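Visitor: Structure for the following, please:
(chains A and B)
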Amino acid sequence: MIKKVLIANRGEIAVRIIRACREMGIETVAVYSEADREALHAKLADEAVCIGPAPSSESYLSMDRIISATIITGADAIHPGFGFLSENSKFAELCEQCHITFIGPDSKVIAKLGNKQEARNTMAAAGVPVIPGSTEPIYDAEEGARIAAQIGYPVIVKAALGGGGKGMRVAGTPEEFAHSFQTAQKETQMAFGDNTMYIEHFVQRPRHIEFQILADQYGNVVHLGERDCSIQRNHQKMIEESPSVALSEDLRGRMGEAAVKAAKAAGYQNAGTIEFLLEKSGNFYFMEMNTRIQVEHPVTEWVTGIDLIKEQLRIASGRKLSYTQEDIHLNGHAIECRINAENPAKGFRPSPGTITDMYLPGGKGIRIDSAIYSGYSIPPYYDSMVAKLIVWAKNRKEAVRKMQSALGEVIIEGIDTNVDYQYEILNRPDYLSGDIDIEFIAENEEALKAALKA
Amino acid sequence: MKLDNVFKKTRLSSGRKGYISLNSAKPEVPEGLLRKCNKCGSAIIAEDVKKDYYICPKCGGYFRVHAYRRIEMVTDEGTFEEWDEGLTTPNPLEYKGYEEKLRMLKEKTGLDEAVVTGKARIDGTETVLGVCDGRFLMASMGEVVGEKIARAVERATKERLPVILFACSGGARMQEGIISLMQMAKTSAALKRHSDAGLLYISVLTDPTTGGVTASFAMLGDVILAEPKALIGFAGPRVIEQTIGQKLPKGFQRSEFLLEHGFIDGIVERPQMKQTLSQILMLHKEERCPSPGEVAKQEKRNESAWLKEDGNGELSLNNQLASGWDRVLLSRMNDRPVGSDYIHALFTDFIEFHGDRYYADDKAVIGGVALFRGMPVTVIAQAKGTNTRENIERNFGMPSPDGYRKALRLMKQAEKFHRPVICFVDTPGAFCGLEAEERGQGEAIARNIYEMSGLKVPVLSVIIGEGGSGGALAMAVADEVWMLENSVYSILSPEGFASILWKDSSKAEEAAGVMRLTAEDLYCMGIVEEVLAEPAPYTIENLKEVTRILESKMECFLDRYGKMSGEELTKRRYDRFRKM
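Guide: Residues are numbered from 1 along each chain as shown, chains lettered A, B, ... in the order given. Sure, this is the predicted structure:
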């Protein structure tokens, strides 16, 4: 069993991992930057090593410094958390070379899944549904229309070299296709000096549904149900919940099976997440696989009763999963709200600063994962997420109420937060009814702004 | 709230069962995985260093590179053919322990000696290559190093190939005494023959290049490049410090110092080295020459150009009414296109070469090689800035002696490689200052006038703004001199003229009226051959209107003069000034 873990991260996830280790009798080493001397994770761990100046590139992303800290402190494993080096295959490889257990999958698996095209091909080959798209470059509308018909409308025409939304057009019907294609191609030519196009089935207003999986080193893989993360602003998740109201038992079964298939196809081990886009029609498509623990893991923990961080540590220590798929049941409903130090009224501008006073709610069915305390100064260098508020109740309706109540109690003085914004989201009729998709925030933006001002 | 030492630490559970540990080996960094950068001291992943041209990802510092890796970095894969392997030193001084030392080094490095020579291709162009390897007695030059370089250069001369030498050396090899000293002469002499054969030698200085190597082959390149921050000097810094008893300033003897002092043409980052070498080789390919057919086509096009010149030599200018003073003001306008604008508009593949090889790199003169319609030419421009900051840097286009010497160096180089010279003249005058006099401003101008009269390649000078006195003439002893409509060319600035003749510099406007300094005046006096009309107001926005005409006229010029022999050119040039 792992005896001593170095946590190559900061903030609430570092705290979360330290707590799990402590409960298991595993010693902990925190690393911190010069800006994080007073950070909770550095105070809480058994040992703490300063690894460099404030910019992440010189501290939390500095592979050689983290490896050195591991060796100096005699830790035998590194937990990378999320962000920073967590999905860096080179770092994982470096750990392997130094005989340090990297708590996560094999470096080659990280590399394979990190490459979008390779990941897509692996999944398609394993029979996991991927978004149907053209396989060859397309240069003219006629050829494009033929392929679009095979793929199935609506389709989206994209620049092969694309990025930044340029050279992208949706065609809802065959009649619209020629015009959409030509416009997109013209834009592509202007933007990238190239006219190579790519066509893909356009997934209309999907939900973001992801499946948590756990895989041990002996080929056993289970899924722990889904998380619905459709409430996103600019691709940043804000609220996550489990289970999703959009999944019937049958669909959950099929998607879960696909997720397990995906993990097996990739030769995956440890905790991972398979992201899908779910259409209203019930069709779902593989988007990507995250090869790390996720921010929103607590909602899964609550409905399954499984401690994911502890499972990660056990799997990395070579233990077998102690349950099979039949043992996994989703019980009740959990919701998580991310609390960020930012100002929604000012374009969600980050709001670092000193927390002068704070009060956080508690009670039955309320969990707070955070790294803040009264008097703590949030440095401006890192992510603005400072806490996660997670609630559990028997069903969604009660869970939403509990979250509303809990958000209403949160007091964080000295900085701006998105707590009120989250509170307003919870009060939108579409949210309450569960009728959400990834366009939710964009569509409710004005209403939310107005509600905040009121 | 202070949180120091308030939390309880992990209490290890005594009954913890030992699971099978996956890692039987204890965590440790395996040998060779990390390297230390000796510039910034940080540990770096060795593979990153290798992948990234041996540059420290942390501080950007350069690691020294083994010869074969260097060859891989700059040549086309699999094209290197090594020459003269296995030459060994006879230990001429019978220096004790030398043979043993060499034997050990050979074993350790896998090299025969401190330099690897041979032939390779760079983007398809064949070249002779010599690369020093610092692992072998700091790549000091003994008999074998000198011999290998001399042989490679001789063979390059015979096969008419360019030579590229990557220098990195502590200097002459002490263990071989006077024989080492003689290698300086041997290598230099071989390079002299190579140069006399009209062939190109590019020297690349890497860290460190010192002593007898600096004082021989390293400093003799037609083009001398250096890697950033490389130590380059004759006497090593430690020797100097001990001799003069002073601490040397920071950056002393580094590439940047040498560039500033005019000894190297440019500093090239390692990732760009191959591309830079390739460009220089391309600009010096022997088979390049303009196709007359293309030129003939061009001549036809000229006739329909908007600048019309009728049979009587009457000029068609856009603004006939401007007075001399008006033109003086126009020539000094801030937003008037400057030398570098013309370089970019008229040429492709321009590569700037720096320095006079004596004292400094004068930023008031820009010079280098470029392609004009596919033909290599040497381009030299007196450079004003486009804003105050740049103007200060470029000394408002007033060249120092170093600028004229750089221009002359590049013209001589053009002559060696049979390239025409195109000069753009735009200066209020040669820099008038203490330092300029100390370094011989008068001599520098005189030398240029003198040498330009005898250049055996076509020379064209175009006055694009101010043609101020001797400072302008030092770049205008050409086969033809052309002027832009609103440029001026005079014995002195109107202010100076009024001051000397009338003791009143405020009468500049009046002076401009009598000096006959406009393009039209000078055309009528036979001082210039062409006048190019300008749009009004003339800025970078409509520069193309002028360069379009200039370009086709230049093509005709190059076609006409390109056909003449060196003797014919110099005779005509002599006659041109003789009759004035």
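
Visitor: per-domain residue ranges of the chain.
Guide: All of this refers to chain A. Domain segmentation of chain A under automatic domain parsing yields A:4-103, A:141-201, A:207-453.

Visitor: Chain B, not that one
Guide: With automatic domain parsing as the reference, chain B has domains B:64-283, B:292-578.

Visitor: wait, which of those domains is closest to residue B:40?
Guide: Checking these against residue B:40 by Cβ to Cβ gives domain B:64-283 as the closest, at 12.1 Å. Where you see a C-beta, it was placed from the backbone N, CA and C, and this is true even at glycine.

Visitor: count of neighbours near the residue of the stretch 1-150 of chain A found nearest chain B?
Guide: As assessed by Cβ to the nearest Cβ, chain B sits closest to residue A:25 within the stretch 1-150 of chain A, at 3.7 Å. Counted with other Cβ atoms under 10 Å in any protein chain shown, residues neighbouring residue A:25 total 15.

Visitor: before we move on, what about residue A:2?
Guide: Counted with other Cβ under 10 Å, residue A:2 comes out at 23.

Visitor: about what we covered before: in terms of mean pLDDT, which of the domains of chain B ranks lowest?
Guide: For the domains of chain B, the bottom mean pLDDT is recorded on domain B:292-578, which sits at a mean of 88.

Visitor: Just the element for the residue of the stretch 1-150 of chain A closest to chain B, please.
Guide: Assigned by DSSP states H and E, residue A:25 falls within no helix or strand.

Visitor: Let me know the pLDDT of it.
Guide: Residue A:25 is given a pLDDT of 93.

Visitor: Identify the residues contacting residue B:64.
Guide: Neighbouring residues of residue B:64 by Cβ atoms under 8 Å, 6 or more residues apart in numbering or on different chains: B:54, B:134, B:168, B:206-207.

Visitor: rewinding a little: any chance of JSON lines for the domains of chain A, columns distance to residue B:454?
Guide: Converted to JSON lines, the domains of chain A look like this (distance: least, Cβ to Cβ, whole Å):
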{"stretch": "domain A:4-103", "distance to residue B:454": "58"}
{"stretch": "domain A:141-201", "distance to residue B:454": "48"}
{"stretch": "domain A:207-453", "distance to residue B:454": "65"}
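
Visitor: Pick the most deeply packed of the ones you listed.
Guide: Compared across these, domain A:4-103 shows the largest average neighbour count, a mean of 22 (mean count of other Cβ atoms under 10 Å in any protein chain shown).

Visitor: now do the same end-to-end measure for that one.
Guide: Length of domain A:4-103, first residue to last, Cα to Cα, to the nearest Å: 12 Å.

Visitor: What does residue B:35 show for phi and psi?
Guide: When read as degrees, to the nearest 10, the backbone of residue B:35 gives phi -130, psi 160.

Visitor: Same check on the one 4 residues further on?
Guide: Reported as degrees, to the nearest 10, the phi and psi values for residue B:39 are phi -90, psi -50.

Visitor: how far away is it from residue B:327?
Guide: Note on residue B:39: its distance to residue B:327, by Cβ to Cβ, to the nearest Å, is 55 Å.

Visitor: If you count surrounding residues, which of the two has more?
Guide: residue B:327 (22 against 14).

Visitor: Once you drop chain neighbours, what's closest to residue 123?
Guide: The chain I'm using is chain A. Once flanking residues are discounted, residue A:123 sits nearest to residue A:286: 4.7 Å by Cβ to Cβ, 6 or more residues apart in numbering or on different chains.

Visitor: wait, chain B
Guide: Residue B:123 sits nearest to residue B:278 (Cβ to Cβ, 6+ apart), 4.0 Å away.

Visitor: list the helices and strands the helix or strand harbouring that neighbour packs on?
Guide: Assessed by DSSP H and E, residue B:278 sits inside helix B:270-283. Applying 3 or more Cβ pairs under 8 Å, 6 or more residues apart in numbering or on different chains; DSSP states H and E, one finds that helix B:270-283 contacts helix B:67-74, strand B:115-122, strand B:125-132, strand B:201-209, strand B:223-226, strand B:348-352, strand B:365-372.

Visitor: Show me the contact partners of the third one.
Guide: Contacts to strand B:125-132, defined as Cβ under 8 Å, 6+ apart, come from residues B:67, B:70-71, B:74-75, B:80, B:114-121, B:139, B:145, B:148-149, B:152-153, B:155-156, B:159, B:161-169, B:206, B:213, B:278, B:281-282, B:285.

Visitor: Direction included, what does that strand pair against?
Guide: strand B:115-122 (antiparallel), strand B:163-169 (parallel) (DSSP bridges).

Visitor: next one: the last one to chain centre, how far?
Guide: The chain centroid and the centroid of strand B:163-169 are separated by 17 Å, computed with Cα atoms, centre = their mean, to the nearest Å.
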